[in-house]
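Visitor: With the sequence up front, the predicted model follows.
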Amino acid sequence: MTKTNPGRFFEDYAVGDLITHAVPRTLSGGERALYHALYPARSALYSSDAFAQACGLPASPLDDLIAFHTVFGKTVPDVSLNAVANLGYADGRFLAPVYAGDTLTSVSEVIGIKQNSNGTSGVVWVRTTGRNQREEDVLTYVRWVMVRKRGAGPAPKTVIPDLPDAVAAKNLVVPGGLSFAEYNFALAGEPHRLSDYDIGEVIDHVDGITIEEAEHMMATRLWQNTAKVHFDATNRPDGRQLIYGGHVISLARALSFNGLANAQMIVALNGGAHANPCFAGDTVRAWSEVLDKTGELAPGVGAARLRLVATKGFAGQLRGEDGKYLPEVLLDLDYWALMPL
Amino acid sequence: MTKTNPGRFFEDYAVGDLITHAVPRTLSGGERALYHALYPARSALYSSDAFAQACGLPASPLDDLIAFHTVFGKTVPDVSLNAVANLGYADGRFLAPVYAGDTLTSVSEVIGIKQNSNGTSGVVWVRTTGRNQREEDVLTYVRWVMVRKRGAGPAPKTVIPDLPDAVAAKNLVVPGGLSFAEYNFALAGEPHRLSDYDIGEVIDHVDGITIEEAEHMMATRLWQNTAKVHFDATNRPDGRQLIYGGHVISLARALSFNGLANAQMIVALNGGAHANPCFAGDTVRAWSEVLDKTGELAPGVGAARLRLVATKGFAGQLRGEDGKYLPEVLLDLDYWALMPL
Amino acid sequence: MTKTNPGRFFEDYAVGDLITHAVPRTLSGGERALYHALYPARSALYSSDAFAQACGLPASPLDDLIAFHTVFGKTVPDVSLNAVANLGYADGRFLAPVYAGDTLTSVSEVIGIKQNSNGTSGVVWVRTTGRNQREEDVLTYVRWVMVRKRGAGPAPKTVIPDLPDAVAAKNLVVPGGLSFAEYNFALAGEPHRLSDYDIGEVIDHVDGITIEEAEHMMATRLWQNTAKVHFDATNRPDGRQLIYGGHVISLARALSFNGLANAQMIVALNGGAHANPCFAGDTVRAWSEVLDKTGELAPGVGAARLRLVATKGFAGQLRGEDGKYLPEVLLDLDYWALMPL
């Protein structure tokens, strides 16, 4: 019997299956420092205990995307080792901040399944939930992947989950105690409140970052993500290492500080597409579009629904005339972030 | 209205202006570990709680240059985003050690201004002060930069600050409680006391380090320094990324352990010049010259004034016959460090 | 008098010499996070406080190899600066877990010496012991190196220490309190107990990692290992930087998770050879062979003696027909690890 993990194939998923993902992880100031070294992250709430305390939190939480990557990384050996493609995200909600010292685990439930017409692969939907050491849910999201079939067996009954286009404003969870009533805009880096942004407004985040192999591999290992395409230069015929899509998400989100410094906490991931692959040597830039805004959710706190687009080279537009993403577009992410009203 | 920070131009500074820099930062053992990974730092006082406690401190402080880079990084968006050149440093004094858990903020005061004769740029002097969460000053320094003018307006009244050539020995601040009376030379790595060094003595630090792009970018991001020349390979016509001068300072200071292992704490930066640009692929070496020595400042504690020179290739000398820095010289730094007498 | 460390030559060692190595080091969650970023480490006991506590420990220890590299790194300036070759390891025993906050120091005793017949070099055996801030030994091992002679003096009396081929099972030290009675295989990542492995069984760990210069240099600096061959591209005629052998050990050990996820704690290093040099660009893979097994050492705890082989390219075998390591073999390590019975 082989001792190594061959990964799951399409036949290994059934709607209702619960998967406990391996390797719980205790996070510390070390992961936080590395996050700041790997991405140009500057949101004051995630940088300073004093700033976070002035906003009603006990200390500066770890960046929301540290929590996301940690929870996501654990699912890779069980969900995406044999995945042909990562097709999408939906209904991601951040339910509680994660602090240094917290230990995260991940569980997933299979909530949808559909064999492809070619009979050699299928789509699997899973809802993954991250929990801390107090068994509190810290985040939950749905993703769906295309997975290879092992053999030629019959197709399972198709179940397609009902997923929202976006998390409704009323379902956004604001961390207990959070208040932006005394928000210090000077320390946060920009004067712009939620009310200063118009729906439809587009912000070019100006800066670019050229990615090195060592950086994306260190980041991806840090999240204990084991997908071999990221690490093994001999894995693809062209000798290139595919960059973990989450690395591009973090890079773009950090770049978006310049113009969205007050979009502090991510509270929902409405959807996202990794439009084109990213490789070392690419210079990543980002722009955002304001899609929606809420009213007051907590003292002085509102939320902006934002489209975050990462590009290489220049892509002011998202899609070509054929409706497809332009080749320069790397990421098209739709999320909600808490901002001072 | 654009939401992104265009940076300040020469016209945006007036003597007496106070600038609160954004993004306070809580430092932890994570930044310390990264500092050790990025630089070959081995000073015992910054490596071991036990060693620091034997010297009268509550714990091992974070390396002085971690404090410097953190405070400096915050000033970049306000001071040097449109800077043509970083012209110099003066009167830098380290006023209190920084420990894991401390939160640093930076403020700057404009203390000098002088328009260049070409009318398109000028020189701005700022005094920057870093503070911890108890509102204690941890370090202060003056730097001056050449900044572009936005337009063709009239020149402001010239004000040139009066700056010392070097911090006087009597103005050096020794951390409270520090004592080298029981200093353990074997654990520190070298037997040489301050009295073993002669003024004028030159120490070749022997070792070399070849710099990789990933390393200097991780370091520079860690200090939340956003200057685009360091990160964006498309920013310069030659496609090269300019390395943050502070990276060279830290590299050279760490290399100087070999020969100056007991030059433990930096207490003053008297001045410094980034003589030539540094790029990935350069192999950095360092040599030091003893410029001055003090008497006893605290039990068993004296200070050495040191010139620290970083080079690429070989440069035993500093300047050519024309009085200019030789092309191999990267850094010429003048500082005071505390040593066992 | 030169102030820099010229390193010791063969004449500078005598049997019975005790060497206190410099630069004690306090480790934190920062070193732990970096370890996870540099290596694909996933052992649950080293990843999660909650998992370690469920196994009877107070918290998640730092990876055993963090302790090993930290203790080893300190010996480099005193033992291997002028070493021509690192010849071997023996009788390595891990005596107590190391936790974040611990401060490690290293001492070595010279236990053997033998001049080579060429009269220009010799072999020195040292036993190195790492201690924490409570003066508890955390690990001890013997290594022997070939060191250059400074001059042409007479040979010392040959002393060759008596070293075991492997640490006997009865000499393995199990951390106090450790119990695998309630071991959670789902969280650990694989279902295989010690009893599921047969002596002689070979496990191909499947995955590969392509090494970047920045990664191995960051790792090697993190352990304050100063050997110049790792950092200075101008040091070798071919302009290549030799990768620290310990980097390959950590990489291979982390890769071995896939198939040996439950080989949790290293308790002994029986021996090891760095069979061929490793360079950036190499894609490292690993396979293991089960050499021996123990009975119960603590509740639910046994140990497996494992051969861990790191390769570049493909090397299913270890040695060629001439008895020499195949050129693709990088590492041949023999160790004991604790596993659930």
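Guide: In hand now; what should we look at?
Visitor: Surely A:Ile211 is in contact with A:Tyr244?
Guide: No: taking contacts as C-beta atoms under 8 Å, A:Ile211 lies outside contact range of A:Tyr244: 11.0 Å. C-beta coordinates here come from the backbone N, C-alpha and C atoms, glycine included.
Visitor: For the stretch 151-300 of chain A, which residues are neighbours of chain C?
Guide: Selection of the stretch 151-300 of chain A residues close to chain C by C-beta under 8 Å from any C-beta of the partner chain yields A:212-214, A:217-219, A:221-222, A:224, A:226, A:228, A:231-235, A:241.
Visitor: Going through the residues you listed, which ones are buried?
Guide: When those are checked for burial by 16 or more other C-beta atoms under 10 Å in any protein chain shown, the buried set is A:212-214, A:217-219, A:221-222, A:224, A:226, A:228, A:231-233, A:235, A:241.
Visitor: Helices of the stretch 151-300 of chain A, residue ranges please.
Guide: For the stretch 151-300 of chain A, applying DSSP state H, counting those that start in this stretch gives helices covering A:185-188, A:213-222, A:245-255, A:257-260.
Visitor: May I see those helices organised as CSV, with distance to C:Leu330 and mean pLDDT added?
Guide: Formatted as CSV, these follow (distance: least, C-beta to C-beta, whole Å; pLDDT from 0 to 100):
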stretch, distance to C:Leu330, mean pLDDT
helix A:185-188, 49, 98
helix A:213-222, 19, 97
helix A:245-255, 28, 97
helix A:257-260, 42, 97
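Visitor: With distance to A:Ser117 added, can I get those in JSON lines?
Guide: Shown next, in JSON lines, are these (distance: least, C-beta to C-beta, whole Å):
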{"stretch": "helix A:185-188", "distance to A:Ser117": "51"}
{"stretch": "helix A:213-222", "distance to A:Ser117": "33"}
{"stretch": "helix A:245-255", "distance to A:Ser117": "26"}
{"stretch": "helix A:257-260", "distance to A:Ser117": "42"}
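Visitor: for A:Lys74, phi and psi?
Guide: phi -60, psi -30 (degrees, to the nearest 10).
Visitor: doesn't A:His21 make contact with it?
Guide: Yes: with contact defined as C-beta under 8 Å, A:Lys74 reaches A:His21; the gap is 3.9 Å.
Visitor: if I pick A:Val309, what's in contact with it?
Guide: A:Val309 makes contact with A:252, A:286-289, A:315, A:318, A:329, A:331-333, according to C-beta atoms under 8 Å, 6 or more residues apart in numbering or on different chains.
Visitor: cool, A:Arg193 as well?
Guide: Listed by C-beta under 8 Å, 6+ apart, the contact set of A:Arg193 reads A:185, A:262, A:339-341.
Visitor: ok, now how distant is it from chain C?
Guide: A:Arg193 sits 35 Å away from chain C when distances are taken as C-beta to the nearest C-beta, to the nearest Å.
Visitor: next one: A:Lys149
Guide: 21 Å.
Visitor: If we ignore the residues flanking it in sequence, what's nearest that residue?
Guide: A:Phe10 (4.4 Å; C-beta to C-beta, 6 or more residues apart in numbering or on different chains).
Visitor: Check what contacts the lowest-mean-pLDDT helix or strand in chain A and list those residues.
Guide: When each helix and strand of chain A is scored by mean pLDDT, DSSP states H and E, strand A:83-94 comes last, with a mean of 91. Outside strand A:83-94, the residues that touch it by C-beta under 8 Å, 6+ apart are A:64, A:67-68, A:80, A:121, A:123, A:127, A:138-148, A:163-164, A:167, A:171-173, A:245, A:265-274, A:335.
Visitor: how about a cut-off of 7 Å?
Guide: Outside strand A:83-94, the residues that touch it by C-beta atoms under 7 Å, 6 or more residues apart in numbering or on different chains are A:64, A:80, A:121, A:123, A:139-148, A:163-164, A:167, A:171, A:173, A:245, A:266-269, A:271-274.
Visitor: quick one on the thing from earlier: A:Lys74 and A:His21: who's more crowded?
Guide: Taking other C-beta atoms under 10 Å in any protein chain shown, A:Lys74 and A:His21 do not tie; A:Lys74 has more neighbours (31 against 24).
Visitor: Off-centre distance for the helix or strand following the least confident helix or strand of chain A?
Guide: Following strand A:83-94 in sequence order, the next helix or strand is strand A:103-115 (DSSP states H and E). Relative to the chain's own centre, strand A:103-115 is displaced by 16 Å; criterion: C-alpha atoms, centre = their mean, to the nearest Å.
Visitor: now swap in stretch A:63-78 and tell me
Guide: With C-alpha atoms, centre = their mean, you get 8 Å for stretch A:63-78.
Visitor: now swap in stretch A:203-212 and tell me
Guide: Distance of stretch A:203-212 from its chain centroid, counting by C-alpha atoms, centre = their mean, is 18 Å.
Visitor: Give the single residue among the contacts of A:Arg193 positioned nearest to chain B.
Guide: A:Phe185 (8.9 Å; C-beta to the nearest C-beta).
Visitor: Got phi/psi on A:Arg305?
Guide: phi -90, psi 120.
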